[in-house]
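In: Test case, fold it:
(one chain, ligands or ions: 2)
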Amino acid sequence: HSADAQRTDLMTITRFVLNEQSKQPEARGDFTILLSHIVLGCKFVCSAVNKAGLAKLIGLAGETNVQGEEQKKLDVLSNDVFVKALVSSGRTCILVSEEDEEATFVEPSKRGKLYIVVFDPLDGSSNIDCGVSIGTIFGIYLVKENREPTIEDVLQPGKNMLAAGYCMYGSSCTFVLSTGRGVNGFTLDPSLGEFILTHPDIKVPKKGKIYSVNEGNAKNWDGPTTKYVENCKFPKDGSSPKSLRYVGSMVADVHRTFLYGGIFLYPADKKSPNGKLRVLYEVFPMSFLMEQAGGQAFTGKERALDLVPTKLHERSPIFLGSYEDVEEIKALYAADQ
Ligand code: AHM
Ligand code: MG
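Out: Residues are numbered from 1 along each chain as shown. Ligands and ions are numbered 1, 2, ... in the order given. Predicted coordinates:
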C-alpha cells in the first residue's frame with residue numbers, strides 16, 4: 001500500500017512549498033512564484049549540462065568573470081538564464097551573481113515583493129569539461145523596508161536569509177531547499193519534468209567519517225587547520241582515521257556531507273588569507289542549509305551566518321558539516337587565540 005502511495009501521490013516541489021507557505025499567516029504566493037522561476041532556471045541548466053558535449057557548448061567564451069577566471073560558455077549561458085528568469089518572476093529587486101561584477105537592480109516596473117536573490121549560477125566550473133557534478137547555489141533575502149533598495153540591503157549577515165538552496169547536476173539532478181523549517185531534497189523526474197520530494201527532512205549525521213579539503217594547499221595552511229587534518233589522518237583518541245573525499249565542486253562535496261556526514265573545509269592559507277569561497281552566494285547558503293540540517297558552519301573566527309559582508313564578492317574561510325566534527329575545529333581555533 002505505502003509503496004503504491006509513493007508512486008501515485010507525487011509531492012512536487014511546488015506542492016511542497018505551497019503547503020509550507022500556507023502555514024504562514026500572511027503568505028501571498030510570492031515566494032512560490034519566485035521559487036518556480038529558480039526551479040525553471042535549474043531545469044534549463046540541467047538540460048544544458050546534459051547536452052553540453054553534444055551541443056558544443058563547452059569551450060571558452062572569450063570573456064573573463066569578476067574574479068579574473070576564464071568563463072566557459074555554460075557559465076555565461078546559465079547566468080543569462082537565471083537573471084532573465086528572476087527578473088521575469090516580477091518578485092525580485094536586486095540580483096547578485098558570481099558572474100556579474102555589479103549587482104543588478106531590477107527596474108521598478110518589474111519589481112514585485114522585494115526579494116533579493118544572491119546566486120552562483122554554475123559552480124564548480126573546473127569540472128564542466130570532464131563531466132563531474134556541478135551545481136547552482138542561491139540564497140534569498142527580503143529588503144528591510146518598503147523603500148528604494150540599495151546595496152546595503154544585500155550586505156546582510158547570512159542569518160537574515162529567508163531561504164537558501166542548491167541544485168546539483170550529477171548522475172541525477174537534485175534540488176535541496178530550506179525555507180528555515182529544515183532541509184528537503186527533490187530529484188528531477190525527467191519524464192515528468194518535475195522535482196519530486198525524495199529526501200524529506202535531511203539531517204546531517206552528528207559525526208562523520210569523511211573530511212573534504214584541497215590538501216594540495218596544505219603547505220600554506222595555518223596551525224589549527226593543519227592540526228585538524230592531521231587528527232583526521234592520525235586520530236589521537238584511538239578512533240579510526242577519516243576518509244578523504246574531494247570532488248572540487250562545492251555543491252557535490254557539501255551534498256555528500258549532508259547525506260553521509262563529516263566536514264567540508266575551504267580554509268584560509270598564506271596565498272588566500274580569506275580562503276576562496278564567496279560569502280554571499282557560496283558560504284552563506286550552504287551554512288544556512290547546514291544549520292537547518294542540524295550541523296554547524298564556522299569561519300575560523302565566528303559562526304558563518306553571523307558574518308557581516310562588506311562587499312559583494314567577499315570571500316571567507318569556511319568549515320562546515322556534522323555538529324561534532326565542526327566542534328573539533330572550533331576548539332582548535334579557540335586554543336590558538
Ligand atoms: P568556481 O566558482 O570558480 O567554480 O570555484 C568554486 C569551486 C567550489 O565549487 C569548490 O569547492 C572550490 O572551487 C574548489 O577549489 P579548489 O580547486 O581550489 O580546490
Ligand atoms: Mg562558484
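
In: remind me, longest helix of this protein?
Out: For the chain, the helix with the greatest residue count under DSSP state H is helix 30-55.

In: give me the low-pLDDT residue ranges for this protein?
Out: In the predicted model of the chain, residues 1-7, 25-27, 53-72, 146 satisfy pLDDT under 70.

In: Name the residue of it with the shortest distance to ligand 2.
Out: Taking CB to the ion as the measure, the point where the chain comes nearest ligand 2 is D123, at 3.7 Å. For glycine as for every other residue, the C-beta is placed from the backbone atoms N, C-alpha and C.

In: State the distance from the nearest residue to K276 once chain neighbours are set aside to K242.
Out: Counting by CB to CB, 6 or more residues apart in numbering, Y266 is the residue found nearest to K276 once chain neighbours are left out, at 5.6 Å. To K242, Y266 is 17 Å away according to CB to CB, to the nearest Å.

In: The residue nearest to K276 contacts N217, correct?
Out: No: under the contact definition of CB atoms under 8 Å, Y266 does not touch N217, with a separation of 9.1 Å.

In: where does L289 land in three-state SS?
Out: Each residue gets one of three states, and L289 gets helix by DSSP: H, G, I helix; E, B strand; the rest coil.

In: Enumerate every residue touching it.
Out: For L289, the set of contacting residues under the criterion of CB atoms under 8 Å, 6 or more residues apart in numbering consists of A164, G165, Y166, V176, S178, V183, V254, F258.

In: didn't the fifth one look like it was pressed against Y166?
Out: No: with contacts defined as CB under 8 Å, S178 does not count as touching Y166, sitting 10.2 Å away.

In: Quick one: list the elements packing against the helix or strand harbouring T226.
Out: Using DSSP states H and E, T226 falls within helix 223-233. In this structure, helix 223-233 makes packing contacts with strand 263-266, helix 323-336, judged by 3 or more CB pairs under 8 Å, 6 or more residues apart in numbering; DSSP states H and E.

In: quick one: which of S178 and Y166 has more around it?
Out: In terms of neighbours (other CB atoms under 10 Å), Y166 is the more surrounded of S178 and Y166; the figures are 26 against 21.

In: So that one belongs to a helix, correct?
Out: No: according to three-state DSSP, Y166 belongs to no helix; its state is strand.

In: Can you give me the neighbour number for the nearest residue to it once chain neighbours are set aside?
Out: Taking CB to CB, 6+ apart, and ignoring the residues beside it in sequence, Y166 has I137 as its nearest neighbour in space, at 4.6 Å. Residues near I137, counting by other CB under 10 Å, number 31.

In: can you tell me which residues contact I137?
Out: Taking CB under 8 Å, 6+ apart as the definition of contact, the neighbours of I137 are F119, D120, D123, G165, Y166, M250, V251, Y281, E282, P285, M286.

In: Filter these down to the buried ones and hand me the ChimeraX line.
Out: In ChimeraX, the members of the contacts of I137 classed as buried (16 or more other CB atoms under 10 Å) are selected with the following command:
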select :119,120,123,165,166,250,251,281,282,285,286
